[in-house]
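Colleague: What follows is a predicted protein model with its sequence.
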Amino acid sequence: MLTTALPDNIQSSVIIAAALAGLWLSGRYIHETLVDRTTCLPDLEHLGEPTKTKYQGKAIVCGGSFAGLMTARMLTDHFEEVVVIESEETFENGGRKGTNLMQHNQLHAFGVLVLSAWRKLWPDADDYIKAADGRISICNNNLYYGRTVSLPPGFSHEWVNFCRPTAEAVLRQMTRTHPRIRFIHGSVTGLIPSKDGSDTVAGVTYKLANSDDEQPLDGTFVVDATGLSCRGSKWIESIGYQSPRRDYYDPFGAYTTAVVQLTPEAIAKIPWPKPYSEVGWILAVPCEVGFETRSNYITRWDGDRISFLQSTFNDLEPTPKTKAEVYAWARSLPMEPWQETLLNVMEEDIEEMEIHRCRLGELDLRFNPVYGQGGTKACMDVCALDGVLRRARRGNQPHQPVPNTITSAFLKKATPRAVGIMDFNKALDYPWGNTSIHFPGDTPTQGAMLLSWWKQVAVAMSYSDKVYGMVQEVLQGVAPPTQLFGGAVIWTVLKVKLGLV
């Protein structure tokens, strides 16, 4: 009614302004929805914040590796007591005396999302990392994709380079400092069903290390953090429930890892591009369907060690078995002059090289219960569970019962985030000739359009540091995948196609 009394030009302006405001609000809502659905950033924001109320009883974490340690620390914000049951014996410094983990001593870099979560959970995480000779640096892996790719000025996201055993020891050291976390050296053998007939558990049964006596441990919240062994599925089946379906695919990938211990003399001979104390990731040459069948990654670990990872897919050629083959493989792929000098010095001056070969196989790509394992997946799940536990509270009651909807709420939140990442991985891996696919309904051409767009974006980022920065943010989990379909990326892709760059 008000607008009818206004001049026509003002009415038009009001209508246009209202339409623009509506579009802005709709766009903002869609953006926030996509961020929440595809990343854990909304939950990461509150990770580690103390809560005024707690849930009743104790929380039990089954497994004491990455996921278990991060989960235990997070659960102290929700429970008065947290118990971690880990099967492997550990040293005082947090390291393991032995390990059942695959890839335990392989090349690792812990990404932006992981480092951010550690800093949220442990405010003094940087001090522990630096004390262990971990390398915190800007998230730059010296990527070569047709040319050396650079990050844009002002790019500030950080990650950390050190080997997995050191990283896990640091996490265990930090977790042990918490007064409400208790560790048990033993193995969980099963779940204790609730006596009230509900679909909940009342604790676990376990055996202490070097003991055959099974004993109960009461708890109101149980987390399966056993990773690839998927023990939770067996426990669920043992009390009469169906375990999650385990879908997988096998790209027939193989890789070689090699580690060289630098000497002070070798370090002095190498023309490092920046102070040696700041050197982390050295080189990344990825493989890609239709572009390059081999990869070569080199990074500097803690303890003055250089780590190689050299891989291929579909068994197209055997990965290196000897020191000479490792260096030959590296030299056959692009690198800068200083990196070539690094290889020459190591080959000539250092005799020892620790080499391991592995084929990925089916087990590495079986997913429980929602696709994937590893540091980043653990971080995403910890953030999702923390968010669910925070939202499930009702009122200000100091000790609240644990709602029986927590598991379903967690899966509802975590699933789309994991599925999005898995769809991208499928698009990259399925086209390799004889990938074995065991996801119901999937085909080798699934994701072909996504792969086509990714290849164009990858070429564009080699011409634009801005696009590369946007790609890194998405790959590191600190931006939604839709960022790769934004105006800046599309414009750069068009310029590349038109030969304007």
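Modeller: Cool, the structure landed.

Colleague: So the closest residue to Trp281 other than its chain neighbours: helix, strand or coil?
Modeller: Residue nearest to Trp281 in three dimensions, not counting chain neighbours: Asn141, with 4.3 Å by CB to CB, 6 or more residues apart in numbering. (Glycine included, C-beta is placed from N, CA and C.) On the three-state scheme (DSSP: H, G, I helix; E, B strand; the rest coil), Asn141 is labelled coil.

Colleague: contacting residues around Lys426?
Modeller: Lys426 is in contact with 249, 439, 442, 446-447, counting by CB atoms under 8 Å, 6 or more residues apart in numbering.

Colleague: pLDDT value on it, please?
Modeller: Lys426 carries a pLDDT score of 85 in this model.

Colleague: Quick check on the contacts of Lys426: which are buried?
Modeller: When neighbours are counted using 16 or more other CB atoms under 10 Å, the contacts of Lys426 contain these buried positions: 249, 439, 446-447.

Colleague: Please, where are all the helices along the stretch 101-250 of the chain?
Modeller: Listed in chain order, the helices of the stretch 101-250 of the chain (DSSP state H, counting those that start in this stretch) span residues 112-121, 125-131, 164-176, 231-238.

Colleague: closest to Phe485 out of the ones you listed?
Modeller: The stretch from the helices of the stretch 101-250 of the chain with the least distance to Phe485 (CB to CB) is helix 112-121; that distance is 20.8 Å.

Colleague: Just the mean pLDDT for the closest one, thanks.
Modeller: Taken as a whole, helix 112-121 has a mean pLDDT of 96.

Colleague: rewinding a little: and the residue nearest to Trp281, how close does it get to Arg394?
Modeller: The span separating Asn141 from Arg394 equals 45 Å under the rule CB to CB, to the nearest Å.

Colleague: Can I get the contacts of Lys426 in CSV including distance to His356 and pLDDT?
Modeller: What follows is the contacts of Lys426, written out as CSV (distance: CB to CB, whole Å; pLDDT from 0 to 100):
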residue, distance to His356, pLDDT
Tyr249, 24, 79
Phe439, 29, 83
Asp442, 31, 89
Gln446, 32, 86
Gly447, 31, 86
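
Colleague: So which of these belong to helices?
Modeller: Restricting the contacts of Lys426 to those inside helices, with DSSP state H as the criterion, leaves an empty set.

Colleague: Which of these fall within strands?
Modeller: Per DSSP state E, strands hold the following members of these: Tyr249.

Colleague: would you turn the contacts of Lys426 into JSON lines with distance to Pro480?
Modeller: Supplementary listing: those in JSON lines, determined by distance: CB to CB, whole Å:
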{"residue": "Tyr249", "distance to Pro480": "25"}
{"residue": "Phe439", "distance to Pro480": "24"}
{"residue": "Asp442", "distance to Pro480": "24"}
{"residue": "Gln446", "distance to Pro480": "21"}
{"residue": "Gly447", "distance to Pro480": "18"}
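
Colleague: and which of the contacts of Lys426 is nearest Thr33?
Modeller: The shortest gap between Thr33 and any of the contacts of Lys426 belongs to Gly447, at 22.7 Å (CB to CB).

Colleague: and that closest one, what does it touch?
Modeller: For Gly447, the contacting residues are 423-424, 426-427, 430, taking CB under 8 Å, 6+ apart as the criterion.

Colleague: buried subset of these?
Modeller: The neighbour count (16+ other CB under 10 Å) marks 424, 426-427, 430 as buried among the contacts of Gly447.

Colleague: burial count for the residue nearest to Trp281?
Modeller: 21 (other CB atoms under 10 Å).

Colleague: separation between it and Arg300?
Modeller: The value you get for Asn141 to Arg300, if CB to CB is used, is 12 Å.

Colleague: list the residues that contact both of the two?
Modeller: Common neighbours of Asn141 and Arg300 are listed as Trp281 (criterion: CB under 8 Å, 6+ apart).

Colleague: In the stretch 201-350 of the chain, where is pLDDT below threshold?
Modeller: Filtered on pLDDT under 70, the stretch 201-350 of the chain yields the residue ranges 228-229, 289-290, 314-316.

Colleague: so where do the strands sit in it?
Modeller: For the stretch 201-350 of the chain, the strands identified by DSSP state E, counting those that start in this stretch occupy 201-208, 214-218, 221-224, 248-250, 254-261, 281-285, 294-301, 305-312, in order along the chain.

Colleague: possible to save the ones you listed as TSV with distance to Met346?
Modeller: As requested, these are exported to TSV (distance: least, CB to CB, whole Å):
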stretch	distance to Met346
strand 201-208	46
strand 214-218	50
strand 221-224	42
strand 248-250	34
strand 254-261	5
strand 281-285	11
strand 294-301	10
strand 305-312	7
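
Colleague: right, so of those, which gets closest to Leu69?
Modeller: Ranking the strands of the stretch 201-350 of the chain by distance to Leu69, with CB to CB as the measure, places strand 221-224 first at 11.6 Å.

Colleague: what's near enough to touch Leu208?
Modeller: With contacts taken as CB under 8 Å, 6+ apart, Leu208 has the following neighbours: 184-186, 215.

Colleague: Try it again at 6 Å.
Modeller: Gly186 (CB atoms under 6 Å, 6 or more residues apart in numbering).

Colleague: For Thr33, see how far away it is.
Modeller: The separation that Leu208 has from Thr33, given CB to CB, amounts to 48 Å.

Colleague: Just give me the closest of the contacts of Lys426 to Ile350.
Modeller: Among the contacts of Lys426, and counting by CB to CB, the member closest to Ile350 is Tyr249, at 38.6 Å.

Colleague: you'd agree that closest one is up against Ile437?
Modeller: Yes. In this structure, Tyr249 sits in contact with Ile437. The criterion is CB atoms under 6 Å, and the distance is 4.7 Å.
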